[in-house]
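S.K.: Need the 3D shape of this:
(one chain, ligands or ions: 1)
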Amino acid sequence: MRRVLGMRSIMSLVLSAILPITISNLAWAEGSPGATIFKAKCVLCHGADGTGNTPLGKQLQAANLRSKDVQQKTDAELRKVIHDGQTNMPAFGDQLSDEEITQVLKYVRSLGKAAKK
Ligand code: HEC
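M.R.: So this is what the prediction gives:
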């Protein structure tokens with residue numbers, strides 16, 4: 001019996017395409033490229049949780065990335081700080097591409113969201 005894609009199999013195809021996206025959104029924070037960049041370049045000062053509660057972070061007065069103060073700023077403002085640096089915050093413009101800054105900023109936003117819960 002020959003069966004071309006019926007409505008049912010199309011639906012299950014659609015579902016199997018949507019489901020992993022939902023799941024990966026939930027688990028996003030850990031495996032994302034932004035998380036990888038953050039772990040490599042930012043935790044030293046900002047800490048794994050983004051609060052800045054590390055020996056170096058305290059010494060340099062690294063911003064608490066989960067704070068309202070930081071999270072209320074626009075993407076453009078935060079991108080600029082990451083790209084150009086600001087007081088003790090080093091510039092990453094020569095180390096990270098625009099795309100990588102977008103990814104790491106997305107991760108910073110996810111830290112802020114986690115804090116509200
Ligand atoms: C050497 C320590 C250090 C490292 C590494 C570092 N930061 Fe910072 N960061 C700081 C300090 C200090 C501040 C506070 C700057 C200020 O008060 O002007 C800051 C502030 C920030 C802010 C808040 C800016 C604002 O205006 O509120 C963001 C966002 C940020 N850092 C993101 C990052 C990201 C993303 C990385 C990794 C790519 C990173 N930082 C790596 C020290 C660091």
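S.K.: tell me the SS of residue 111?
M.R.: helix (DSSP: H, G, I helix; E, B strand; the rest coil).
S.K.: ok, now which ones touch the closest residue to it other than its chain neighbours?
M.R.: Excluding its sequence neighbours, the residue lying closest to residue 111 (C-beta to C-beta, 6 or more residues apart in numbering) is residue 50, at 3.8 Å. C-beta coordinates here come from the backbone N, C-alpha and C atoms, glycine included. By C-beta atoms under 8 Å, 6 or more residues apart in numbering, residue 50 lies in contact with 64-66, 108, 111-112, 115.
S.K.: Contact residues of this structure facing the ligand?
M.R.: 41-42, 44-46, 60-63, 65, 70, 73, 78, 81-82, 86-90, 92, 104, 108 (C-beta under 6 Å from any ligand atom).
S.K.: Can you read off the backbone torsions of the residue nearest to residue 111?
M.R.: With angles defined as degrees, to the nearest 10, residue 50 sits at phi 80, psi 0.
S.K.: all helices for the chain, in order.
M.R.: Ranges of helices in the chain, per DSSP state H, are 7-26, 28-31, 33-41, 43-46, 55-60, 68-71, 75-84, 98-116.
S.K.: Using CSV, lay out those together with mean pLDDT and mean neighbour count.
M.R.: Listed next are these as CSV, based on pLDDT from 0 to 100; neighbours: other C-beta atoms under 10 Å:
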stretch, mean pLDDT, mean neighbour count
helix 7-26, 64, 9
helix 28-31, 63, 12
helix 33-41, 96, 17
helix 43-46, 97, 19
helix 55-60, 97, 14
helix 68-71, 96, 14
helix 75-84, 98, 15
helix 98-116, 90, 17
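S.K.: Enumerate every residue touching the nearest residue to residue 103 once chain neighbours are set aside.
M.R.: Counting by C-beta to C-beta, 6+ apart, residue 34 is the residue found nearest to residue 103 once chain neighbours are left out, at 3.8 Å. Counting by C-beta under 8 Å, 6+ apart, residue 34 makes contact with 103-108, 110.
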